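[1] give me a model of this one.
(one chain, ligands or ions: 1)
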Amino acid sequence: MAYDDSNIFARILRGEIPCKKLYEDDYALAFPDIHPQAPTHVLVVPKGRYVSLADFGATASPEEITGFFRAVSHVAKQLGVEESGYRLICNAGPDSHQEVPHFHAHILGGRALGHLLAPG
Ligand code: 5GP
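    Numbers count the residues shown, from 1 in each chain. Presented below is the predicted three-dimensional model:
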């Protein structure tokens with residue numbers, strides 16, 4: 001799938017749509033999910049144009065991959081959920097209901113999250 005520059009996270013990265021920036025560096029931007037599913041629900045998106053984890057893993061540079069995952073762990077610590085725990089979700093493809101075709105990680109926490117999958 002080709003990258004679509006009109007996706008919502010591309011527009012947020014370009015500053016065309018506002019977000020509450022929680023963290024930003026050369027590799028990633030973190031901001032709260034607009035429809036939070038837990039007391040803490042933050043999205044971390046890489047700065048590069050990657051559709052999915054498959055695309056990111058296959059084509060991003062080692063620096064981008066390291067930088068992105070360092071940013072994710074940094075944000076989890078910044079959010080104060082490292083000790084209490086959190087869940088990292090990267091939806092990929094139709095079965096996951098990935099809505100936004102720009103690779104991203106959800107950090108969810110702030111309460112006991114229960115079993116991995118809710119009933120479909
Ligand atoms: P996905 O299903 O693709 O893994 O998750 C996309 C997430 O982006 C959803 O949880 C949705 O609530 C969130 N989202 C969609 N549009 C916006 C937006 O304009 N701003 C923010 N902050 N989050 C958004």
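[2] so Gly110 sits against Gly85, correct?
    No. Counting by Cβ atoms under 8 Å, Gly110 does not reach Gly85; the two are 9.7 Å apart. Where you see a C-beta, it was placed from the backbone N, CA and C, and this is true even at glycine.
[3] okay, the two: which has more neighbours?
    Between Gly110 and Gly85, Gly110 has the larger neighbour count (other Cβ atoms under 10 Å), namely 17 against 13.
[4] output the contacting helices and strands for the top helix by length along the chain.
    In the chain, with assignment by DSSP state H, the single longest helix is helix 62-79. If you count contacts as 3 or more Cβ pairs under 8 Å, 6 or more residues apart in numbering; DSSP states H and E, helix 62-79 packs onto strand 23-24, strand 28-32, strand 40-46, helix 53-59, strand 86-89, strand 105-109.
[5] near the ligand at all, the shortest one?
    This means strand 23-24. No. Between strand 23-24 and the ligand, judged by Cβ under 6 Å from any ligand atom, nothing touches; the nearest distance is 13.6 Å.
[6] show me the shaky parts of the protein.
    Applying pLDDT under 70 to the chain flags residues 118-120.
[7] contact residues of it facing the ligand?
    When proximity is defined as Cβ under 6 Å from any ligand atom, the chain approaches the ligand at 8, 17, 19, 31-35, 43, 91, 97-100.
[8] keep only those of these that are in strands.
    Mapping the residues of the chain next to the ligand onto strands (DSSP state E) picks out Phe31, Pro32, Leu43.
[9] need the residues you listed in CSV with neighbour count, can you?
    Output for these, formatted as CSV (neighbours: other Cβ atoms under 10 Å):
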residue, neighbour count
Phe31, 19
Pro32, 16
Leu43, 21
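[10] now render these as a markdown table, adding distance to Arg49.
    Shown next, in a markdown table, are those (distance: Cβ to Cβ, whole Å):
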| residue | distance to Arg49 |
| --- | --- |
| Phe31 | 18 |
| Pro32 | 23 |
| Leu43 | 16 |
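[11] of these, which is the nearest to Val81?
    Pro32 (13.2 Å; Cβ to Cβ).
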